[in-house]
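1. need the 3D shape of this:
(chains A and B)
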Amino acid sequence: MQVGLTALAAGILLLLAYFFIRLIGESTDALSKFGLSFVFGNDWDVSRLTFHGAPLLFGTIVTSVIALIIGVPIAVATALFLTELCPRRARGPLSMLVDLLAAVPSVVYGLWGVFVLIPRLLPAEKWVASTFSFIPFIGGQVSGPNYFIAGLILAIMILPIVSAISREVIATVPSEHKEAALALGATRWEMIRMSVLPYARPGITGGAMLGLGRAIGETIAVVLVIGDAPVIGHSIFSQGYSLAAVIANEFGEAAATPIHSSALFAAGLVLFVLTLIVNIFARWFVARGLRNQRDNDATGVTVAAEPAGDAA
Amino acid sequence: MSEIGQTTIPPISGRRRRTDSTMRGLLLLATLIALVPLVLVIYYLLYKGLSSWSSSFFTTDPNGEFFGNPGGVRSAILGTLEIVALATLISVPIGIGVALYLTEYGKQSWFANLVRYFIDVMTGVPSIVFGLFIYIVLVLGKVGGTGFAGWKGSVALALLMLPIVTRSSEVVLLLVPGSLREAALALGAPRWRVVTRIVLPTARTGLVTGSLLAIARGMGETAPLLFTTAGAFAVTANLNQQMNALPLQIYNDILSPRAVVVSRAWGAALTLVALVLILNLVARAVSRRSSMA
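-> Presented below is the predicted three-dimensional model:
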């Protein structure tokens, strides 16, 4: 049984490695033809079989950043409210409702985005674009599907995971730290700002990065609401494209053209490597948070032990 | 000491009190804002989806005709159930097996930590990339005689569900008290019997919860199926052919210009969300009944 289970675990690792090598193999045609300009060139034109993916990378980054800007503060605030302020009886049901946001499939968010969010938000977006047109990347033409709508939906989708990890991390803040702040006369908010947030910061950062990884890789909800135009938009209300969206959208037509499908595989490879890097950093942050925690616990013990030693 | 006791604590200044209540209000407001999308999505699903639910909605297959009745979602529901059932059969035993390796044998060895790390990495891999993997390996290679096939979708979903099963199982298996294992070992039971007769039964409810959550996650995924099972009008129960599934049906219907077809998308979405929510609630109910959670 030991041998069997070890082989099973090793098999999973080998399978992952094999998949990765095959993906690289399928991408080489496009990558060797376009080289570095596959990632940095701004010209994605299927009819001329020119595949320079900067518009896709740009769209992926812009929508993910919008998602983080909207989603992370709300997620962290939710986590703080649920762990520090909420009445005990409401905590369970409220946490469950926030978690249920993650249970809604992405295609359903896409459906809702297309038929509810896009038409309902268009007047507000137009008002913002004309009123605040002096701010860079805000003014100009507003199209129905755009970066902002995609970012907003991504914010909703990453909210539960960022909130869940933040809640977990905040729950590990030692109550001595919080009680110390309160005993010094701090208000609840000052206690949160001075004891809870500094302690939980690395973990929250890690959670936000895991959310970023989610946002970068999300496909179906984005492909439906980003407009699928392979250009670098002038404002957050312009149409665009993303790495994941281009694969889902052009996959069918590309099957007949080897260089086109190779370019889509290469886009998948870039996406994979990007999420891999983000996830590795996220794990590193979370691990560092946990190590800090252990160190703090250790110093806490020695500090508590010292006066006793002096007295003896 | 007596000096400290005599000083009176000054009252909290108005500015600090105002900051405190403002920030508390903002945190409450943010929590309410976070719930707005959930309420809105469910409201619109009921408002637009319920009207398309009818007996024929569940008993007829979708047809590709441009006029007239577009048909229901029977094949999509059957496809989703079949594909997810096979994915569960693949991912749950393997996932729990890997978790058993990590808790019972590998523990903190370098190889176990490596496996743990890559399982964590797997949870962060976008679902579309799993779809591409299976497309390259199984669909392009025409494994099993056909290109797109239902069972290939199951494999892609299984890859996605595996790390979820493993991580939740590992947490539950670690909760099984070491004294139980030691007692069994002391009575002379071999390691494999300890695992099958003591560890697994003790952790059963927790393992079920993790698996149900993984199934709920797999059920709603569209992107991996797009590259592996394809075919929105394929009316078949044969896992070796192109199959329909609820997420695929919704995705295709959204792009249609016809109002009846879009309304079918809402009905299918309501069906899918109902299935996923029921699985989630069952999982929570199971974990609440468990003595260990």
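
2. residue contacts, the residue of the stretch 51-200 of chain B found nearest chain A?
-> The stretch 51-200 of chain B approaches chain A most closely through residue B:126 (2.4 Å), counting by C-beta to the nearest C-beta. For glycine as for every other residue, the C-beta is placed from the backbone atoms N, C-alpha and C. Contact analysis of residue B:126 by C-beta atoms under 8 Å, 6 or more residues apart in numbering or on different chains lists A:216-219, A:244, A:271-272, A:275, B:223.

3. tell me where the stretch 51-200 of chain B has helices.
-> B:55-59, B:74-100, B:110-124, B:127-134, B:150-175, B:178-186, B:191-193, B:200-202 (DSSP state H, counting those that start in this stretch).

4. want to throw the contacts of residue B:126 into CSV with pLDDT, secondary structure and distance to residue A:21?
-> Converted to CSV, the contacts of residue B:126 look like this (pLDDT from 0 to 100; DSSP: H, G, I helix; E, B strand; the rest coil; distance: C-beta to C-beta, whole Å):
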residue, pLDDT, secondary structure, distance to residue A:21
A:216, 93, helix, 22
A:217, 91, helix, 20
A:218, 92, coil, 26
A:219, 92, coil, 23
A:244, 92, helix, 21
A:271, 94, helix, 17
A:272, 93, helix, 12
A:275, 93, helix, 18
B:223, 89, helix, 22
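
5. what's next to the host helix or strand of residue A:253, contact-wise?
-> Residue A:253 is part of helix A:243-254 when elements are defined by DSSP states H and E. Residues outside helix A:243-254 that contact it (C-beta under 8 Å, 6+ apart): A:44, A:46, A:53, A:56-57, A:59-60, A:216-220, A:222-223, A:226, A:228, A:230, A:260-261, A:263-264, A:267-268, A:270-271, A:274, B:126, B:128, B:132, B:223, B:226-227.

6. and it, what's buried?
-> For helix A:243-254, the neighbour count (16 or more other C-beta atoms under 10 Å in any protein chain shown) marks A:243-251, A:254 as buried.

7. just want the angle from that helix to helix B:127-134.
-> With axes from the mean of the first three to the mean of the last three C-alpha atoms, to 10 degrees defining the directions, helix A:243-254 sits at 40 degrees from helix B:127-134.

8. how far off centre is helix A:243-254?
-> 21 Å (C-alpha atoms, centre = their mean, to the nearest Å).

9. what's the answer for stretch B:77-91, then?
-> 12 Å.

10. give me the residue from the stretch 51-200 of chain A nearest chain B.
-> residue A:105 (2.7 Å).

11. need phi/psi at that residue.
-> phi -60, psi 150 (degrees, to the nearest 10).

12. so where's the stretch 51-200 of chain B shaky on pLDDT?
-> Along the stretch 51-200 of chain B, segments meeting pLDDT under 70 span B:64-66.

13. typed the wrong thing, it's chain A
-> Using pLDDT under 70, the flagged stretches of chain A are A:289-312.

14. center of it - which residue?
-> The centre of chain A sits closest to residue A:212, judged by C-alpha atoms, centre = their mean, with a distance of 1.9 Å.
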